[in-house]
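>>> Pasted the sequence and its predicted model underneath.
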Amino acid sequence: MDDATYRAMLARVSAEHGPALRSSGEMNARQRRAVLDELRRLGAGRKHAGKPHNFDAPQMPDGIAKVEALLADMKLAWAYADAITLRMHGIAKLAWVRDEKQLATIIAALHAEKEKRDLNAAINASLRAVDWAPERIVELLSPLRPNWRRHRPSLRLVAEYLAAQVVAHGGAGAQQCA
């Protein structure tokens with residue numbers, strides 16, 4: 001949409017909810033919401049962040065390919081790595097990281113997340129194999145942390161316990177759960 005068409009659309013939509021304005025900066029919240037609704041109706045959507053544009057640049061740290069592989073394996077967007085980078089190092093984008101040590105900590109965080117996801121998948125498979133509800137684990141292994149599904153030591157404990165239960169219940173699915 002060219003600028004003239006965009007400004008005309010702003011004036012048209014804002015006029016339905018107050019004075020006709022050709023700048024979104026001058027609009028109230030209701031007018032801006034109406035403009036966003038109109039843009040969505042016309043087919044606009046949020047641009048989802050993808051692979052950094054400078055991914056292949058020579059100044060990118062060597063470990064960036066490992067980050068890409070971990071994200072792909074977990075089916076996560078690059079925005080996930082950006083959020084980790086911001087939380088851990090105060091840098092808004094992973095693409096801006098140049099220090100190998102910082103990148104190593106981000107890779108370690110992604111490895112930890114992958115382990116949590118893998119353990120949760122194994123636990124869910126074991127629960128299905130023994131036909132138990134997840135609540136049964138909390139009862140049997142009391143006291144478990146309230147957030148045990150995000151705590152790796154707790155996940156390991158539960159996964160080991162359930163793998164033994166699968167074997168005790170006839171071994172169905174024991175290979176995938178161990």
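Received it, and whenever you're ready, just let me know what you need. Numbering: from 1, shown residues only.

>>> packing partners for the longest helix anywhere in the chain?
Ranked by residue count, the top helix of the chain under DSSP state H comes out as helix 100-130. Judged by 3 or more Cβ pairs under 8 Å, 6 or more residues apart in numbering; DSSP states H and E, helix 100-130 is in contact with helix 64-74, helix 78-89, helix 134-140, helix 152-168, helix 174-177. In short, each C-beta sits where N, CA and C put it, glycine included.

>>> got the angle between it and helix 78-89?
Helix 100-130 and helix 78-89 are oriented at 120 degrees to each other (axes from the mean of the first three to the mean of the last three Cα atoms, to 10 degrees).

>>> Can you give the distance of helix 100-130 from its chain's centre?
A distance of 13 Å separates the centroid of the chain from that of helix 100-130, by Cα atoms, centre = their mean, to the nearest Å.

>>> and if you look at stretch 68-83?
With Cα atoms, centre = their mean as the basis, stretch 68-83 stands 7 Å off its chain's centre.

>>> Determine which of the helices and strands packed on helix 100-130 approaches Lys114 most closely.
Between Lys114 and the helices and strands packed on helix 100-130, the tightest spacing by Cβ to Cβ is seen for helix 64-74, at 5.8 Å.

>>> which parts of the closest one are buried?
With burial defined by 16 or more other Cβ atoms under 10 Å, the residues of helix 64-74 counted as buried are Ile64, Lys66, Val67, Glu68, Leu70, Leu71.

>>> just stretch 16-33 next, same as before
By 16+ other Cβ under 10 Å, the buried positions in stretch 16-33 come out as His17, Leu21, Met27, Gln31, Arg32.

>>> Good, we can wrap up now.
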